[in-house]
Every structure is written in C-alpha cells, then in structure tokens.
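Student: The sequence and its predicted three-dimensional model are supplied below.
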Amino acid sequence: MIGRVNDVPLSGDPASRYLPWTVGLLVFLATLAFAAGMFLASAGDTWRQNASGTLTVQIPVSDASDRLERLSAVTELLRTTPGIVSVRPVPDAEIAVLLEPWLGNQVLGLDLPMPDLIDVSVARGADIDIAALSSRLAQVAAGTVVDDHAIWLRRLTEFTRIAETVSFAVMIVILISAVATVVFTTRTGLAIHSDVVEVLHLIGAQDSYVARQFQSHTLRLASAGAAVGFLLGAGIIWLAHVYGGRLSGGLLPELALGPEQWALLAALPVAAVLLVVLTVGITVKRVLGKMM
C-alpha cells in the first residue's frame, strides 16, 4: 500500500503545485476525445443499420392530373421487382418535415410543387441492378431517380471510422502527455528534496519507501484534478446531449451515450490516476537507482 507518513515535504514543491491543474486539464480533454470517439462509433452503427438495405425513389413534379397515375405505376413496378420486400409512398406531411430545416414549419402552406418519394426496403443479401431498375422506372415515369443509400453510406462510414480513430488517437496522446508531465514533476521533486532522500537512505529507507512517499502525494493531487476535469467534461457532454438535437435540426443522430459508454467514460479518470501513480513509482525507482 502507498504510505501515509510524509517524511519527504512534497506539499511545498512549486512543481507539484500545478500538477492538479495539469492532470485536470488533460483528463478533461481526454474525456471529450473519448466521448467523441464512442459517439462516432455509435452513430456509424446507427447509420449502417438505418440506411442499409433501403432505396429512395423520387418521382419528379408533374401535372396534378397524372400524378396519382405515375405514382401508382412506379409503386406497382417496384412491388413486382425481385429482391424488394416493401414499398411505401412517403406522405407530403413527412416530406414537409424533412424540408423544415430549410423552409420552416409552413412548407405545406407555401404551395410548393414537391416530388413524390417512395421508401423501398430491399431483402438482406439481395443484389439489385440499380441501373436496370432506373431504366425501367424511367419508362413508366420519365425522370424518376433511384437513390442507392449504399453509395453515400460507404463514404459516411469511412469518414466516421477515420474520425473515430483520430479521437481515440488524441485521447492516447493526451494520456502520454500526462505521463510526460508527471515524469518531469517527479524528477523536479527528487532534485529539490535530494538531501532529504539521502538522509532517508542513511537511516535505512529503501527506494520503494521513498517511491511510496511520492506516490501518496501524487495520488492526492492527481485524484482531485482528475475528478474536476472529468466532471467538467461530463457537463459538456450533457449539454451537447440536451442542446445538440436542437442545433442539428434532426440532421444528425442524437448526441447521447448509453449506460455502458458512460461506465467506460467514468473509468477514464480512474485509469488516468492509476497510470500517473504508477509512472511516479517507476520514475522514482529509476532515478534513485542511478543516483545511489
């Protein structure tokens, strides 16, 4: 166990004075980076589940006289296409909701000509020739467009994977920076209290005993800084969850983390403090091993 008796007067060190602030800042940044990485991972899974196996068919604006006829013909063709399991024409009210971020909540009142949209679900593993389907639909209703979600989905998932990797890499770099800062602070403390350390060695204290003195001091300071940093980071994440949906206008997934993700996030400051304390012990023993 880490000793509680402070034979080395570390509390007055100018270097350790800034240790809680440094650890707190680094834990704060690491918390945000870790949360961003987990959110991107969840968002990527959600996008893949929601958009895979679906198509959107858009019938261009036409005269009101033949609109229903064109819609009915396209719907019937889609239902008889092998590999398609469901076809659902999108009501104008849902289209208006999709246009609200750009045109406001009075889209229907503007009397704008809106194309007809059809949601199509494709059977898992079905290989549909989009070009051939588009050609057949164009013969029924000229100008009909088939939007294959798999195309932009691949690009989107590739982007989220890259961003996710960058977020976790940033978190690792931050933790490495914390280790480097603690090594510098520990070496400075050893240099300041070298006389006290020599006296402790003369009266029989081992390197492990001196290391526990530094670890005990660092544990108190790092724990306080890590707790504050994590609480600030968690507060930012909570604000993003509360206000993120309003700012995105429904264009982005909800900025929320599940219970398991919050548990992993809460383990981050604990892991950071343990890493810092372990680093202090190793640093003290290595330095004293070279000095004595």
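Tutor: Cool, the structure landed.

Student: Report the contact partners of Leu29.
Tutor: Residues near Leu29 by C-beta atoms under 8 Å, 6 or more residues apart in numbering: 170, 174, 233. All C-beta atoms are positioned from the backbone trio N, CA, C, and that covers glycine.

Student: okay, which residue is most central for the chain?
Tutor: Centroid-nearest residue in the chain: Ala36, 2.3 Å away (criterion: C-alpha atoms, centre = their mean).

Student: For it, I want the exact helix or strand it lies within.
Tutor: Ala36 belongs to helix 19-51 when assigned by DSSP states H and E.

Student: pLDDT wise, what is Trp238 at?
Tutor: You'll see Trp238 listed with a pLDDT of 87.

Student: which SS state does it fall under?
Tutor: helix (DSSP: H, G, I helix; E, B strand; the rest coil).

Student: what about it, how many neighbours?
Tutor: As a burial measure, Trp238 scores 13 neighbours (other C-beta atoms under 10 Å).

Student: hang on, the earlier thing: same for whichever helix or strand comes after the helix holding Ala36, what does it pack against?
Tutor: Counting by DSSP H and E, the element after helix 19-51 in chain order, helix or strand, is strand 54-59. With contacts defined as 3 or more C-beta pairs under 8 Å, 6 or more residues apart in numbering; DSSP states H and E, strand 54-59 has these neighbours: helix 64-79, strand 116-122, strand 145-148, helix 149-192.

Student: any chance of these in JSON lines, plus mean pLDDT and distance to Pro259?
Tutor: Converted to JSON lines, the helices and strands packed on strand 54-59 look like this (pLDDT from 0 to 100; distance: least, C-beta to C-beta, whole Å):
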{"stretch": "helix 64-79", "mean pLDDT": "84", "distance to Pro259": "41"}
{"stretch": "strand 116-122", "mean pLDDT": "85", "distance to Pro259": "31"}
{"stretch": "strand 145-148", "mean pLDDT": "80", "distance to Pro259": "36"}
{"stretch": "helix 149-192", "mean pLDDT": "82", "distance to Pro259": "20"}
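
Student: Nearest to Asp92 among these would be which one?
Tutor: For the helices and strands packed on strand 54-59, the distance to Asp92 is smallest for strand 116-122, at 8.8 Å, taking C-beta to C-beta.

Student: what angle sits between that closest one and helix 64-79?
Tutor: 0 degrees (axes from the mean of the first three to the mean of the last three C-alpha atoms, to 10 degrees).
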